[in-house]
Structures are given as C-alpha cells and as structure tokens.
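In: here is a sequence with its predicted model. Questions after.
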Amino acid sequence: MNEMPVTPEEQPKKSNTGLIIGIVVVVLLCCCCVFGIGGWLYGDTLVQSLGL
C-alpha cells in the first residue's frame, strides 16, 4: 500500500474558464444593448450633426 489518500486540500482546482467566458459574453451583450439603444435614440441627431 504505497498509495496515499487524497485529502480535500490536495484535490485539483476546478477550472473557471466557463465562468470567465460567461462574464465576458454578458458584458459584451450589455455594451451592444447600450450602443443599440443610444443609436436608436440619438442616431438622427448624430447624423444631422455630421451632415450626412
């Protein structure tokens, strides 16, 4: 019996890749919503001020 039991402190750490990707996706979606709403509300004003 050369094997030593694995204690809870020695277990490999769980990967947080899915959590990080999820946070990035949520932040990007929020940014897209903000720019979309801003473009919807202020788009005509912006086009007129640029003279297009």
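Out: Perfect, thanks for sending it. Numbers count the residues shown, from 1 in each chain.

In: what number of residues lie near Trp40?
Out: Trp40: 9 surrounding residues under other Cβ atoms under 10 Å. Using the backbone N, CA and C atoms, a C-beta is placed for each residue, glycine as well.

In: spatially central residue in this protein, please.
Out: For the chain, Val24 is the residue whose C-alpha lies nearest the centre (Cα atoms, centre = their mean; 1.4 Å).

In: just the helices in this structure please.
Out: Using DSSP state H, the helices of the chain run over 17-50.

In: what about it, any weak spots by pLDDT?
Out: Low-confidence segments of the chain, defined by pLDDT under 70, are located at 1-9.

In: change it to 80
Out: In the predicted model, the chain carries pLDDT under 80 at residues 1-11, 52.

In: one step back: so who does the residue nearest to the centre of the chain touch?
Out: For Val24, the contact set (Cβ atoms under 8 Å, 6 or more residues apart in numbering) is empty.

In: check the gap between it and Thr17 for me.
Out: 11 Å (Cβ to Cβ, to the nearest Å).

In: same thing with Gly36?
Out: From Gly36 across to Thr17, the span is 28 Å (Cβ to Cβ).

In: more neighbours: those two, which one.
Out: Neighbour totals were compared for Gly36 and Thr17, and Gly36 leads with 11 against 8 (other Cβ under 10 Å).

In: need the contact list for the more buried one.
Out: Contacts of Gly36 by Cβ under 8 Å, 6+ apart: none found.

In: if we use 10 Å, what do you get?
Out: Gly43 (Cβ atoms under 10 Å, 6 or more residues apart in numbering).

In: hang on, the earlier thing: from Leu52, how far off is the residue nearest to the centre of the chain?
Out: 33 Å.

In: now do Gly43
Out: 11 Å.

In: between these two, which one's more packed in?
Out: Taking other Cβ under 10 Å, Gly43 and Leu52 do not tie; Gly43 has more neighbours (11 against 6).

In: state the phi and psi torsions of Asn16.
Out: In terms of degrees, to the nearest 10, the main-chain angles of Asn16 are phi -100, psi 20.
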